[in-house]
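Visitor: 3D model of this:
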Amino acid sequence: MKQPKGVDDLAARLGAAVTSPLVSPAAVAPAPISTPEPAAAPAPVRERTRTVAKTAGKGAAKKEPADTMQLTLRPSRTLFARYVAAAADRSRQLGRVVSAQEIMLEILEKGAV
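Guide: As a prediction, this is how the structure comes out:
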């Protein structure tokens, strides 16, 4: 097993850090108090404006968030491989990426529970 390098140097630096103060005394000394100069005119406050996002095609109506909840599934490797194969087939048919999770959700929605 290889011996770690620089352990003694690290120990010496840590020992020196323990004995030194966190803040130097010069930094703790109070700064001289001076009266602030009055500003000629306050800078105008910029209000935050909302930008309207571009809507594409059919999705022009505002969608409400789906009523869903988080769920963790731990399928066996063989079952997951079946879902991945089904997702790959569906991806080829539709010409877009379909995830194994989408296939799982479809099958769960069809369930008679």
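
Visitor: In the chain, where is pLDDT below threshold?
Guide: Low-confidence segments of the chain, defined by pLDDT under 70: 25-61, 112-113.

Visitor: please redo it, this time with the cut-off set to 80
Guide: 1-3, 21-62, 112-113 (pLDDT under 80).

Visitor: longest helix anywhere in it?
Guide: Counting by DSSP state H, the longest helix found in the chain is helix 77-94.

Visitor: Just the CA atoms of that one, as PDB, please.
Guide: What follows is helix 77-94, C-alpha atoms only, in PDB (Å, rounded to 0.1, in the frame of the first residue of the first chain):
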ATOM      1  CA  ARG A  77     -33.700  -6.000 -14.000                       C
ATOM      2  CA  THR A  78     -35.600  -8.300 -16.400                       C
ATOM      3  CA  LEU A  79     -38.800  -6.400 -16.000                       C
ATOM      4  CA  PHE A  80     -37.000  -3.100 -16.500                       C
ATOM      5  CA  ALA A  81     -35.300  -4.500 -19.600                       C
ATOM      6  CA  ARG A  82     -38.800  -5.300 -21.000                       C
ATOM      7  CA  TYR A  83     -40.000  -1.800 -20.400                       C
ATOM      8  CA  VAL A  84     -36.800  -0.400 -22.100                       C
ATOM      9  CA  ALA A  85     -37.300  -2.600 -25.100                       C
ATOM     10  CA  ALA A  86     -41.000  -1.500 -25.400                       C
ATOM     11  CA  ALA A  87     -39.900   2.100 -25.100                       C
ATOM     12  CA  ALA A  88     -37.300   1.700 -27.800                       C
ATOM     13  CA  ASP A  89     -39.900   0.100 -30.100                       C
ATOM     14  CA  ARG A  90     -42.400   2.900 -29.400                       C
ATOM     15  CA  SER A  91     -39.600   5.500 -30.000                       C
ATOM     16  CA  ARG A  92     -38.900   4.000 -33.500                       C
ATOM     17  CA  GLN A  93     -42.600   4.000 -34.300                       C
ATOM     18  CA  LEU A  94     -43.400   7.500 -33.200                       C
END
